[in-house]
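S.K.: structure for this input, please:
(2 chains)
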Amino acid sequence: MKIVSTVRVSLKGLTGNKLRTFFMMLGVLIGIAALTVIISVGQGAKVQVMQRMEKMAAFAAVMVVPGGGVTRGMGGVDTVPATLTAEDAQAIQAEVPNVQDVALVQSKQGVAIKFGGQSTTTMVWGVTPNYPAIRPTPVARGEFFGPEEQASTARVAVLGQDTAATLFGDADPLDQTIRIENVPFKVIGLQKRLGVSPGGGNLDDRILIPQATAARRLFNVTNMTQLVVQIKGRQQVPGAAERVKQLLRERHHIAAGMPDDFSVRIAEQMLGILTGTSQTLTIFLAIVAALSLLVGGFIVMNIMLISVSERTKEIGLRRAVGARRRDILVQFILEAGAVTAAGGLIGVLLGVGGALAASRLMGWPAAISWPAIIGAVVFAGIVGLVSGVQPARKAAALHPVEALRG
Amino acid sequence: MIRMDGIQKTYRVGDVEVPAVRGISLHIQKGEFVAIMGPSGCGKSTLMNLMGCLDTPSAGSYLLDGQEVAGLDDDALSAIRNRKIGFVFQTFNLLPRATALENVELPLIYRDEGGIRAKANAALASVGLADRAHHKPTELSGGQQQRVAAARALVTDPAILMADEPTGNLDTKASEEIMALFGELHRQGRTIVLVTHEPDIARHAERTIHIKDGQVVWESRPDEAPATVGTGGRP
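M.R.: The predicted structure is shown next:
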């Protein structure tokens, strides 16, 4: 029996009972679609984290933030413990070996901004002029403030792209005067689009001003929300982090056995945690989807078994006109295989569509990982063939005389 | 064409051996039209299954078209059914979702041969159903369905046509049509074996073999008075 006619016979068997075929397909389809979405979204999350990691790994730095424990995102000068000061930064610079530079950050969320009739709230970052050298903060237009502006507590600002768009629309923000909590500031620079920070914040919706200006003219505080310590080489980062920790414990008079009132973070650590979490979640969801695919396989097997007993007479007839056991076996395996393959294919299409729709509508990252998807389809094919084998063997084992009796 | 010697078939039901065919010997010539008659349970269906290579005898020798088939394996028997035998069943056994033409093509797809469609069309035309090729069985009358089944049996140009109660599900008129078709095929030189329990149907055959309790009890020809040929008591 030729393979072409075998396939035709199998397809005929499937199109004969469309509803049954549809339900067989559905089980596999749902499993594969779910797997595709999960793999794509999981892969997308990983890619995003990797991109952030690359962004961060380009420089060697240790971040010190006030408060113990792991806090995510950035607090404001008004919400964090006031334990971290400019003197701490000076001490680190002076006493910890391999420290290149220390930038100060004083930030505050929900600050009221006005320009003409437009008003909004955003995050204001008071940073020392050395900040862009440690955490790349390129400007698209205009310029970043320098030591002079810091020394004179100049009222100058660099805007993130989103903030600028909110306040100015398509108009040019450079040299315009905005009001930050009613204090006038001149816009001197427009930051390049930076995207999302490792902590998940939007780096394009913020205003950067000199740290001294922020401390004296705006926030009227002396505590820092972050110290960014630049280290001379990436190999020195872990050692330096440990020294920073010891020094600050001493300076803050923390007794042995008591917890830190600050946290020292290394970029790689944070990203490691993020990657690990998303990976665990992806694996868990993939297992759930694989189980649903397995259930789909059982559905295929069950319906094939029913199909075999319903079509006993057909099998008898085929045997009577010359079909060998092998022909019957191949026919039913091909039927199961075709159903799962079709279900798998439609599932992949729906899954890819679903992943793309999810990334567009909900802002999830999605990366279509074709090797993983092909793996899922191959898995579905194996599930289908295995599900088809038992019913097919049952069909092939029927004695022609008894099968003809029905 | 068919030569059976001491053919036996015994079924095992639990621990009990039930003999269905008990040493039948018979000879059917090429081109003969033979009816096998007997009451239900006499073993004529079993004999038919053995003759049609759907089943294997427990003992005895069976020469079909010069070939010993008694000891052949399943694949070889499948090939013989495909090449040498055409079946017509009481319940037609057409695939309900396939067209008449596709039903007739069925035996040919189990061969490695081309020209399937042309052969199937020719077979349908030979039973006078060329214009019904694309009808589903449900769209055909009982007589037409049985003629499609006959076309399916003939499409492989088999050595023997085997019909098991072919008129059992048909009304009188359709029965006459089918028997007329068999008569025509016989005149064309086909070897036909017909199993029936209806004397009116058996009368179309040249020779009738009467079976009882798994044995041949006597033979008759329609133009002869049965009593004069009998070898045993009449049923």
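S.K.: hmm, A:F22 and A:I303 touching each other?
M.R.: No. Using Cβ atoms under 8 Å as the test, A:I303 is too far from A:F22 to be in contact (10.3 Å). For glycine as for every other residue, the C-beta is placed from the backbone atoms N, C-alpha and C.
S.K.: the two - which one has more neighbours?
M.R.: More crowded of A:I303 and A:F22, by other Cβ atoms under 10 Å in any protein chain shown: A:I303, with 20 against 13.
S.K.: contact partners for the more buried one?
M.R.: In this structure, A:I303 makes contact with A:R20, A:F23, A:M24, judged by Cβ atoms under 8 Å, 6 or more residues apart in numbering or on different chains.
S.K.: now the helix or strand harbouring A:V401: how far from the chain's centre is it?
M.R.: Using DSSP states H and E, A:V401 sits within helix A:400-405. Chain-centre distance of helix A:400-405: 59 Å, with Cα atoms, centre = their mean, to the nearest Å.
S.K.: that helix near chain B anywhere?
M.R.: Yes. Contact of helix A:400-405 with chain B (Cβ under 8 Å from any Cβ of the partner chain) involves A:P400, A:V401, A:L404.
S.K.: do I have it right that the last one meets B:F92?
M.R.: Spelled out, that is A:L404. No. When contacts are counted by Cβ under 8 Å, A:L404 is not listed as touching B:F92 (12.0 Å).
S.K.: run through chain A and note the low-pLDDT ranges.
M.R.: Low-confidence segments of chain A, defined by pLDDT under 70: A:1-3, A:50, A:52-59, A:69-74, A:198-200, A:267-275, A:364.
S.K.: what does it put close to chain B?
M.R.: So chain A meets chain B at A:1-2, A:5, A:8-9, A:12, A:15-17, A:313-314, A:316-327, A:399-401, A:404 (Cβ under 8 Å from any Cβ).
S.K.: can we see that at 7 Å?
M.R.: Selection of chain A residues close to chain B by Cβ under 7 Å from any Cβ of the partner chain yields A:1-2, A:5, A:9, A:12, A:16, A:313-314, A:317, A:319-325, A:327, A:400-401.
S.K.: ok, whatever residue of chain B ends up closest to chain A to B:D112 distance?
M.R.: At 2.3 Å from chain A, B:N82 is the closest residue in chain B, using Cβ to the nearest Cβ. Note on B:N82: its distance to B:D112, by Cβ to Cβ, to the nearest Å, is 11 Å.
S.K.: so these two - more neighbours on which side?
M.R.: Between B:N82 and B:D112, counting by other Cβ under 10 Å, B:N82 is the more crowded of the two (22 against 8).
S.K.: in contact with that one, which residues are there?
M.R.: A:V321, A:G322, B:P107, B:Y110, B:R111, B:T156 (Cβ atoms under 7 Å, 6 or more residues apart in numbering or on different chains).
S.K.: dump those to CSV, plus distance to B:R190, secondary structure and neighbour count.
M.R.: Shown next, in CSV, are the contacts of B:N82 (distance: Cβ to Cβ, whole Å; DSSP: H, G, I helix; E, B strand; the rest coil; neighbours: other Cβ atoms under 10 Å in any protein chain shown):
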residue, distance to B:R190, secondary structure, neighbour count
A:V321, 17, coil, 25
A:G322, 18, coil, 25
B:P107, 16, helix, 30
B:Y110, 21, helix, 24
B:R111, 20, coil, 16
B:T156, 12, coil, 23
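S.K.: chain B: helices as residue ranges?
M.R.: Remark: helices assigned in chain B by DSSP state H are B:44-51, B:74-84, B:100-105, B:116-126, B:142-154, B:172-187, B:199-202.
S.K.: pull the CA atoms of the first one into CSV?
M.R.: Yep, that's helix B:44-51 we're talking about. Only the C-alpha atoms of helix B:44-51 are listed here, as CSV (Å, rounded to 0.1, in the frame of the first residue of the first chain):
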residue,chain,number,x,y,z
LYS,B,44,-22.1,-22.7,5.8
SER,B,45,-20.8,-19.2,7.0
THR,B,46,-17.7,-20.8,8.4
LEU,B,47,-17.2,-22.7,5.1
MET,B,48,-17.6,-19.4,3.3
ASN,B,49,-15.0,-17.7,5.6
LEU,B,50,-12.6,-20.5,4.9
MET,B,51,-13.1,-20.4,1.2
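S.K.: which other helices and strands does it contact?
M.R.: Secondary-structure packing of helix B:44-51 (3 or more Cβ pairs under 7 Å, 6 or more residues apart in numbering or on different chains; DSSP states H and E): strand B:2-13, strand B:16-28, strand B:33-37, strand B:160-164, strand B:191-196.
S.K.: what sits up against the last one?
M.R.: Taking Cβ under 7 Å, 6+ apart as the criterion, the residues outside strand B:191-196 that touch it are B:1, B:28, B:30-37, B:44-45, B:48, B:51, B:159-165, B:182, B:185-186, B:202, B:205.
S.K.: one more time with 8 Å
M.R.: Outside strand B:191-196, the residues within contact range by Cβ under 8 Å, 6+ apart are B:1-2, B:28-37, B:44-45, B:47-48, B:51, B:159-168, B:182, B:185-186, B:201-202, B:204-205.
S.K.: output the contacting helices and strands for the helix or strand hosting A:L247.
M.R.: Using DSSP H and E, A:L247 falls within helix A:237-251. When contacts are defined as 3 or more Cβ pairs under 8 Å, 6 or more residues apart in numbering or on different chains; DSSP states H and E, helix A:237-251 sits against strand A:61-66, helix A:86-95, strand A:226-231, strand A:262-266.
S.K.: in it, what's buried?
M.R.: Neighbour counts over helix A:237-251 (16 or more other Cβ atoms under 10 Å in any protein chain shown) mark A:V237, A:A240, A:A241, A:R243, A:V244, A:K245, A:L247, A:L248, A:R249, A:R251 as buried.
S.K.: mind listing what the residue of chain A found nearest chain B touches?
M.R.: Per Cβ to the nearest Cβ, A:G322 is where chain A lies closest to chain B, at 2.3 Å. By Cβ under 8 Å, 6+ apart, the contact set of A:G322 is B:S78, B:A79, B:R81, B:N82, B:R83, B:P107, B:Y110, B:R111, B:T156.
S.K.: now do A:V65
M.R.: Taking Cβ under 8 Å, 6+ apart, we find A:V65 in contact with A:T71, A:M74, A:G75, A:V80, A:L84, A:T225, A:Q226, A:L227, A:F262, A:S263, A:R265.
S.K.: dump the residues you listed to a markdown table, plus neighbour count.
M.R.: Shown next, in a markdown table, are these (neighbours: other Cβ atoms under 10 Å in any protein chain shown):
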| residue | neighbour count |
| --- | --- |
| A:T71 | 14 |
| A:M74 | 20 |
| A:G75 | 18 |
| A:V80 | 20 |
| A:L84 | 26 |
| A:T225 | 26 |
| A:Q226 | 22 |
| A:L227 | 26 |
| A:F262 | 24 |
| A:S263 | 15 |
| A:R265 | 18 |
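S.K.: skip the chain neighbours and tell me the closest residue to residue 108.
M.R.: All of this refers to chain A. A:G76 (4.0 Å; Cβ to Cβ, 6 or more residues apart in numbering or on different chains).
S.K.: oops, chain B please
M.R.: Excluding its sequence neighbours, the residue lying closest to B:L108 (Cβ to Cβ, 6+ apart) is B:I116, at 4.5 Å.
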